[in-house]
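Q: here's my sequence, what's the structure:
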Amino acid sequence: LSGAFAVRATDKHVYVAGASDKAIALFSRDSNTGKLTFVETKGDKSLDGVSALTLSPDGLQLLAASVNSDSLTVFNRDPNTGSLSLLQTVVNQADNVQGLDGTSGVLVSPDNKSVYAIGAGTDNAIVTFSHSSTLTFVEALRNGTNSIDSLTGPASLTISKDGNYVYVTSATDNAVVMFKRDPLTGKLSFLDVLK
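A: Presented below is the predicted three-dimensional model:
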């Protein structure tokens, strides 16, 4: 695999994203030695520039963010074999989805009800989806709207263990932007920024 890569590990499996290859490689992992053994590659055009991977808290899905295709791809995951099957692709500017230009990060909330992604291209946004087995667009919060400041060039995101706060780093603004999360709707409200 070439280009950027991301790794997400379970006890038995490791997933590596190959940005140039438009693919995710699956390796089995020996829990005693840590040794990896190649199992298979899952490729799809939606994985062009795949730059971030995340597992759902229940381990039944793997989500991929792809910067070149401006998309999120959802795979169902077999917990025994680690094998992936394509479930859904969500693309910027399709089916009313907004904010995913240059999608470079994705995470699932601890309660498995929300998915958040960052659009690091022209959108400079954090995007909220409701999550059951598939994703449904909720909102896109952009830099310069709703009192949001310093969200230019969002680079990474994380969520607090209790699921109440989402944090986004901004490479261009050299900042951390903080959002309060509504646990019922998944919607975010701007809270503060540290530069």
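
Q: what about the closest residue to residue 173 other than its chain neighbours, which helix or strand?
A: Leaving aside its sequence neighbours, residue 173 sits nearest to residue 150 (CB to CB, 6 or more residues apart in numbering; 3.9 Å). The C-beta positions use only the backbone N, C-alpha and C, and glycine is treated the same way. Per DSSP states H and E, residue 150 falls between elements, in no helix or strand.

Q: please apply the same query to residue 90.
A: Using DSSP H and E, residue 90 falls in strand 84-91.

Q: what element comes up after that strand heading to the C-terminus?
A: Heading C-terminal from strand 84-91, the first helix or strand you meet, by DSSP H and E, is strand 103-108.

Q: given that next one, what are its sheet partners and their directions?
A: Next to strand 103-108 in the sheet, as set by DSSP bridges, lie strand 114-119 (antiparallel).

Q: pull the distance from the partner strand to the chain's centre.
A: Centroid displacement of strand 114-119 relative to its chain, using CA atoms, centre = their mean, to the nearest Å, is 6 Å.

Q: contacting residues around that strand?
A: 63, 65, 70, 72, 92, 99-109, 125-131, 135, 138, 140, 154-157, 159, 166, 168, 181, 186, 188 (CB atoms under 8 Å, 6 or more residues apart in numbering).

Q: part of a strand, is residue 157?
A: Yes. With DSSP: H, G, I helix; E, B strand; the rest coil as the criterion, residue 157 is part of a strand.

Q: separation between it and residue 80?
A: From residue 157 across to residue 80, the span is 30 Å (CB to CB, to the nearest Å).
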